[in-house]
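In: Pasting the sequence and the predicted coordinates here, then a few questions.
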Amino acid sequence: MADLVSRSNDLIAPVISWDNDIEIVGGNGSYVTSVDGVEYLDFACGIAVGNLGHQHPGVKAAVLAQIDKLWHAGGVFRYETLVGAAERLREITPDGIEKFFFMNSGAEAVEGAIKLARKTTGRQGIIVFRGGFHGRTMGSVSYTTSKAAYRQGYHPLVGSVFVTPFPHPYRWGMSQEAANELALNELRLTLKHEITPGEVACFLIEPLQGEGGYYPASREFLQAIRDIATEHNIKLVMDEVQTGFGRTGEWFTSQVYDVRPDILVMGKAIANGFPLSAVGASSALLDAWPPGSHGSTYGGNPIACAASIATVDGLRNVIPGVKERSEHAFARFREMQSRYSVIGDVRGLGLMIGIELVGKGRTPNPQAWNSVGAYARENNMFILNCGPDANVIRFIPPLNVAPEDLDKGIDILDAALGSYEGSTG
Ligand SMILES: Cc1ncc(COP(=O)(O)O)c(C=O)c1O
């Protein structure tokens, strides 16, 4: 029989762009094993999904126990894990988030949040922030501006979506304060020239842009957005699909910044790899969503909810350790920045760290990323990039990564950058 890559090329649509041609057969903790028996340090983490790593014993036990009871109920019956998962979310989400609606993917949850905002406010306008990533479905791609290629060929997109800048201080060559002011001024101009505040249903924002290049919003910018939203009764929707479940040091980044969303979108790490996502909001808001005006056959699947309960319970002991691992990683990357001119910027929160690679005059340097990514793979480590120019190393290890594995991964990146700088003189 042909090898798996040939069989997959024959059968699987090439629209999915694979990171590599390696076939894996298993995973354990921070490692995956290839068909050839090679162990790779997995810092791709299923794109910020496996916050507890592969084969987490608590999640595995919960899933196996649920398999013996019930697999699917499809919105017909209620079952224990549905409510148990929501109870966990109520405990850990920011103040004011009280009720939940479960779905399957991040994009689907974003769609749900926007429908909730439009339906309950009776307004149509949606304001998004340039560089944001919110998914690939027809609606969510209309809110996604991290790369024009994601939208190319799919127009016309959903209407009444307005794009305003997100502060990118490094790229704009200015301080965080100056970037905040510039972005806020543009938002005010949008509300003056393009749509009146009274027609805006929501602001949709990632508190730390992921796919767009790992840009933290800053507390001041988010608070200013919060104030404008409150003044005009606009719903503040925070997309925490990538930033949630301890990734940035607290359960949610809105808690790191102490800025309250009206609607919280969750996905990815919510069930450590089982397909689940959720929208949370106040009881008042979710009670105003008329029964039957939205739905999902698989949303809140019993097994995925069991995995989510165990994930939240497992993360309780892990999140307190994120701060120390984060400080250690930041200190090492900043020290590397002093040695390698290719590192332009090191930024992020918790264990969501972006290392921007540049050439002369801060020009984005995707060649440096290609070299680093290939070196890492040759040295048995997977890591991803982000940013519209594919020049930002996306550092997202499992949150419970062993300290020696954290250092091992950083050592490989150090050597990769040294090798790149050596090759370019
Ligand atoms: C912030 C954010 N929102 C939404 C999504 C879409 O999630 P999914 O791919 O599960 O649809 C992603 C995926 O990367 C994301 O990072």
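Out: Thanks, I have it.
In: So which bits of the stretch 251-400 of the chain are right by the ligand?
Out: Gly267 (CB under 6 Å from any ligand atom). (Glycine included, C-beta is placed from N, CA and C.)
In: so where do the strands sit in the stretch 251-400 of the chain?
Out: 263-266, 277-281, 343-349, 352-357, 381-382, 384-386, 392-395 (DSSP state E, counting those that start in this stretch).
In: mind giving me a markdown table with those and columns for mean pLDDT, distance to Gln176 and mean neighbour count?
Out: Below are those laid out as a markdown table (pLDDT from 0 to 100; distance: least, CB to CB, whole Å; neighbours: other CB atoms under 10 Å):
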| stretch | mean pLDDT | distance to Gln176 | mean neighbour count |
| --- | --- | --- | --- |
| strand 263-266 | 99 | 24 | 28 |
| strand 277-281 | 98 | 29 | 28 |
| strand 343-349 | 98 | 10 | 21 |
| strand 352-357 | 98 | 15 | 25 |
| strand 381-382 | 97 | 31 | 22 |
| strand 384-386 | 97 | 19 | 22 |
| strand 392-395 | 98 | 17 | 27 |
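In: Throw those into JSON lines and include distance to Val83, thanks.
Out: As requested, the strands of the stretch 251-400 of the chain are exported to JSON lines (distance: least, CB to CB, whole Å):
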{"stretch": "strand 263-266", "distance to Val83": "17"}
{"stretch": "strand 277-281", "distance to Val83": "13"}
{"stretch": "strand 343-349", "distance to Val83": "31"}
{"stretch": "strand 352-357", "distance to Val83": "30"}
{"stretch": "strand 381-382", "distance to Val83": "37"}
{"stretch": "strand 384-386", "distance to Val83": "35"}
{"stretch": "strand 392-395", "distance to Val83": "35"}
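In: who are the neighbours in contact with the closest residue to the ligand within the stretch 251-400 of the chain?
Out: Going by CB to the nearest ligand atom, the ligand is nearest to Gly267 of the stretch 251-400 of the chain, at 5.0 Å. By CB atoms under 8 Å, 6 or more residues apart in numbering, the contact list for Gly267 reads Ser105, Gly106, Ala109, Val241, Gly244, Leu276, Ser277, Ala278.
In: what's the helix or strand for the fourth one?
Out: Right, the one you point to is Val241. Counting by DSSP states H and E, no helix or strand carries Val241.
In: my guess is it meets Leu276, correct?
Out: No - using CB atoms under 8 Å, Val241 makes no contact with Leu276, being 11.3 Å away.
In: Now do Lys235, the pLDDT please.
Out: Reading off the confidence values, Lys235 has pLDDT 99.
In: Kindly report the same for the one 5 residues further on.
Out: Taken from the predicted model, the pLDDT recorded for Glu240 is 98.
In: Looking at the contacts of Gly267, which is nearest Pro94?
Out: Gly244 (10.7 Å; CB to CB).
In: Wait, a strand at the closest one?
Out: No - going by DSSP: H, G, I helix; E, B strand; the rest coil, the assignment for Gly244 is coil, not a strand.
In: got the contact list for it?
Out: Trp251, Phe252, Thr253, Met266, Gly267, Lys268, Ala269, Ile270.
In: same question, Pro94
Out: Phe252, Ser254, Gln255, Arg260, Pro261, Leu264.
In: picking that back up, kindly list the main-chain dihedrals of the residue of the stretch 251-400 of the chain closest to the ligand?
Out: phi -170, psi -140 (degrees, to the nearest 10).
In: Can you tell me how far it is from Arg151?
Out: Going from Gly267 to Arg151 by CB to CB, to the nearest Å gives 21 Å.
In: how about Phe100, secondary structure?
Out: Put simply, Phe100 is strand when judged by three-state DSSP.
In: Could you verify my assumption that it touches Gly280?
Out: Yes - using CB under 8 Å as the test, Phe100 is close enough to Gly280 to be in contact (4.9 Å).
In: tell me, what's touching those two both at once?
Out: Leu89.
In: Using CSV, lay out the contacts of Pro94 together with distance to Glu327.
Out: As requested, the contacts of Pro94 are exported to CSV (distance: CB to CB, whole Å):
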residue, distance to Glu327
Phe252, 20
Ser254, 22
Gln255, 18
Arg260, 27
Pro261, 27
Leu264, 27
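In: can you pick the most crowded of these?
Out: For those, the largest number of neighbours (other CB atoms under 10 Å) sits with Pro261, at 28 neighbours.
In: you'd agree that residue is up against Thr253?
Out: No - using CB under 8 Å, Pro261 is not in contact with Thr253, being 9.9 Å away.
In: Show me whatever sits in contact with both of these two.
Out: Common contacts of Pro261 and Thr253 (CB under 8 Å, 6+ apart): Met238.
In: Once you drop chain neighbours, what's closest to Leu315?
Out: Excluding the flanking residues, the one nearest Leu315 by CB to CB, 6 or more residues apart in numbering is Gly246, at 5.1 Å.
In: The one you found: what's it in contact with?
Out: Taking CB under 8 Å, 6+ apart, one finds Asn51, Ala269, Leu315, Val318, Ile319, Val322, Gly350, Leu399 in contact with Gly246.
In: Am I right that the last one is in contact with Asn51?
Out: So the one you mean is Leu399. Yes - if you go by CB under 8 Å, Leu399 and Asn51 touch, sitting 4.7 Å apart.
In: Looking at the two, which one has more neighbours?
Out: Regarding Leu399 and Asn51, a neighbour count based on other CB under 10 Å identifies Asn51 as having more, with 29 against 25.
In: hang on, that one is in a helix, isn't it?
Out: No - read with three-state DSSP, Asn51 is coil and lies in no helix.
In: pLDDT score assigned to it?
Out: Here, the pLDDT recorded for Asn51 equals 98.
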